[in-house]
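S.K.: Could you look at this predicted model? Sequence included:
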Amino acid sequence: MIAGPRAPYRGHGSVIFGPQNARDVGARADRTEGFSMTTIDLVYFNAGGGHRSAAVALDEVIRAQGLPWAVRLVNLFDVLDPRDVFQRTTGMKPENYYNARLARGWTLGLAQELRVLQALIRLGHKSLTAQLASHWRQTRPDMVVSLVPNFNRAMYEAARRVRDDVPYVTILTDFADFPPHFWIEPGQSQHLICGTPVAVQQARAAGYADELIHATSGMILRPDFYETAAIDRRAERRKLGLDPDRPTGLVMFGGHGSKSMRGIAKRLDDAQLILVCGHNAALARRLRTMSANAPRVVEGFTRRIRDYMQLSDYFIGKPGPGSISESVQQGLPVIVVRNSWTMPQERYNTDWVSAHGVGIVLNSFKDVGRGVAALTAGMADYRRNIAAIRNRAVFEIPGILGRILAREQPRPPRREHAPFDGIRLH
């Protein structure tokens, strides 16, 4: 067991947790009606954005279900680089380098760079494990849940070094693993939560027993994507300056956009589009200056993705697991590309799109006009296929975590005060 106090549980809210406040909050104990709270760390990073979004969505559902857990969102890079040495040396955070490459479309060769990164992680394994173990020695989680790839060996060994009975869980936020050493690390006594049958088979092939593999019905989505908002699409389109009767495409490439959006906008000159550029303000300015023969809406960073999806008829973008899953949940068929520029961990996603008949996979966005024409012609079939998909993963995972805790930590809650033997009058 780990000695020392627990980090706090603040009502039913989550703690955004990093090493900066570990010593401060660790000095106070969790108490809810006299019982110690079960503390769960959800570990994420900001490369790509989907990992943090998944952690936040899961935290929101855990709180909505009223589970007696103190959930902490832990940014892995804050733990590994608390003094921002990487940023002071290079001028940017490590995840920002990755995001900048996505925005510029510099994805060719990422498979080779990934293997270099994994080699560097192995070289630094001893140091990484020591830093993580020091963090968890102070913060004492009852469960560690990873929503990040590449670092699961170091995180697992660090957690076990501090406390050998702490459950360690990896939630794959991709449709499938990209072995070796991406999501699934062979030989670890840990749990894996997989969103597709292919990921389940990969876990078995890596030697995991069935009791350590937990299947869900898809990827984690924000709970609001399941809400059925009664909107007047025609009226809302008019407010945006769009033709209410014209088919509308949503073009989006994650939270940092992509220069590919300019080529798509040019080739779809006659198509009504909503183009969401995320944090890429320069891209948004360029798109606003482009002329077109159809109405356009150009948006920067927004939290209204679901609203824009509800006003659209189809999605165009990169084959990210979040974008595909969100689109399908909102009833939108997708147009994505698979070629040598596609990120290696996202290539299986295009196979999933084709296998489930929920969209079209192109070799290049140079063919996007043909893709839109084919999608529009077969819209009824695509919508029928989409309607058959039932993704409830974000609501399934808290139950899975609860069963893991019950099986691996059967000890009863610990009282924080002495028992009262007399009669209390109110």
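M.R.: That came through fine.
S.K.: For burial, what's the neighbour tally of the nearest residue to Gly300 once chain neighbours are set aside?
M.R.: What sits nearest to Gly300 in space, not counting adjacent residues and going by Cβ to Cβ, 6 or more residues apart in numbering, is Ala284, at 4.8 Å. Placement of C-beta: from N, CA and C, glycine included. Ala284 has 19 neighbours, counted by other Cβ atoms under 10 Å.
S.K.: Ala284 and Thr302, how far apart?
M.R.: 11 Å (Cβ to Cβ, to the nearest Å).
S.K.: thinking again about what came up before, my read: the residue nearest to Gly300 touches Phe301, true?
M.R.: No: the criterion here is Cβ atoms under 8 Å, and Ala284 misses it with Phe301 at 9.1 Å.
S.K.: Pull up the overlap in contacts between those two.
M.R.: Residues touching both Ala284 and Phe301 by Cβ atoms under 8 Å, 6 or more residues apart in numbering: Cys277.
S.K.: follow-up on the earlier one: just checking, next helix/strand downstream of the helix or strand harbouring the residue nearest to Gly300?
M.R.: Per DSSP states H and E, Ala284 falls inside helix 281-289. Per DSSP H and E, the first helix or strand lying C-terminal to helix 281-289 is strand 296-299.
S.K.: Nearest residue to Arg288 in space, please, no chain neighbours.
M.R.: Arg288 sits nearest to Val298 (Cβ to Cβ, 6+ apart), 4.9 Å away.
S.K.: ok, what's across the strand from that neighbour?
M.R.: For Val298, the beta-bridge partners are Leu275 (DSSP bridges).
S.K.: burial of it, as a residue count?
M.R.: Using other Cβ under 10 Å, Val298 has 20 neighbouring residues.
S.K.: same deal with Gly241?
M.R.: Neighbours of Gly241 using other Cβ under 10 Å come to 9.
S.K.: One more: Gln272?
M.R.: Using other Cβ under 10 Å, Gln272 has 21 other residues around it.
S.K.: Equivalent analysis for the one 3 residues further on, please.
M.R.: Using other Cβ under 10 Å, Leu275 has 25 neighbouring residues.
S.K.: State the pLDDT value of it.
M.R.: Leu275 is assigned a predicted lDDT (pLDDT) of 98.
S.K.: Touching, it and Met261? I think so.
M.R.: Yes: the pair formed by Leu275 and Met261 meets the contact definition of Cβ under 8 Å, at 5.8 Å.
S.K.: got any residues that touch both of these two?
M.R.: Taking Cβ under 8 Å, 6+ apart as the contact rule, the neighbours common to Leu275 and Met261 are 251, 287.
S.K.: Report the contact partners of Val297.
M.R.: Val297 neighbours (Cβ under 8 Å, 6+ apart): 240-242, 273-275.
S.K.: Take these and lay them out in CSV including distance to Val361.
M.R.: Listed next are these as CSV, based on distance: Cβ to Cβ, whole Å:
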residue, distance to Val361
Leu240, 29
Gly241, 32
Leu242, 27
Leu273, 20
Ile274, 22
Leu275, 21
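S.K.: State the pair within these that is farthest apart.
M.R.: Spatially, the most separated pair among those is Gly241 and Leu275, at 13.4 Å (Cβ to Cβ).
S.K.: Without its sequence neighbours, what residue ends up closest to Met219?
M.R.: Excluding its sequence neighbours, the residue lying closest to Met219 (Cβ to Cβ, 6+ apart) is Ser325, at 4.2 Å.
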